[in-house]
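Chemist: Provided below for reference: sequence and predicted model.
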Amino acid sequence: MRVENHEGAAYQKMMAGLRHAEEGAMELAIHRSDDNFRVISAQLKTTRERIGMIAASAHKRLVGVR
């Protein structure tokens, strides 16, 4: 596993992983006709959006600390 030494890169890596998992869950929902995977996909999307909001405010918080 490669660890980033840059906060922005870490957020991007996390977002990409969640997006990939979200797409996989939706594909499984379609192929298996299972609504549980739709729910999982929606939860992953919500999590990704929350992380995006945190990432957007992270720089502001760091600047305010100095």
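Modeler: Structure received.
Chemist: now the longest helix anywhere in the chain: buried residues?
Modeler: Assignment by DSSP state H gives helix 35-65 as the longest helix of the chain. Across helix 35-65, burial judged by 16 or more other Cβ atoms under 10 Å covers Phe37, Ile40, Ser41, Leu44, Lys45, Arg48, Ala55. C-beta here means a position set from N, CA and C on the backbone, and glycine is covered the same way.
Chemist: just how off-centre is that helix within its chain?
Modeler: Centroid displacement of helix 35-65 relative to its chain, using Cα atoms, centre = their mean, to the nearest Å, is 6 Å.
Chemist: what packs against it?
Modeler: helix 7-32 (3 or more Cβ pairs under 8 Å, 6 or more residues apart in numbering; DSSP states H and E).
Chemist: now the angle from the helix or strand of the chain with the lowest mean pLDDT to helix 7-32?
Modeler: The weakest-scoring helix or strand in the chain, judged by mean pLDDT, DSSP states H and E, is helix 35-65 (a mean of 84). Relative orientation of helix 35-65 and helix 7-32, computed by axes from the mean of the first three to the mean of the last three Cα atoms, to 10 degrees: 170 degrees.
Chemist: out of the buried residues of helix 35-65, flag the one nearest to Met15.
Modeler: Met15 has its nearest neighbour among those in Arg48, at 5.9 Å by Cβ to Cβ.
Chemist: that closest one contacts Arg19, doesn't it?
Modeler: Yes: counting by Cβ atoms under 8 Å, Arg48 does reach Arg19; the two are 6.3 Å apart.
Chemist: pLDDT score assigned to Glu4?
Modeler: Note on Glu4: pLDDT of 59.
Chemist: Glu22: neighbour count?
Modeler: 19 (other Cβ atoms under 10 Å).
Chemist: surely it and Thr46 touch.
Modeler: No: counting by Cβ under 8 Å, Glu22 does not reach Thr46; the two are 9.7 Å apart.
Chemist: could I get the contacting residues of Ile30?
Modeler: By Cβ atoms under 8 Å, 6 or more residues apart in numbering, Ile30 lies in contact with nothing.
Chemist: same question but for Phe37, I mixed them up
Modeler: Per Cβ under 8 Å, 6+ apart, neighbours of Phe37: Ala25, Met26, Leu28, Ala29.
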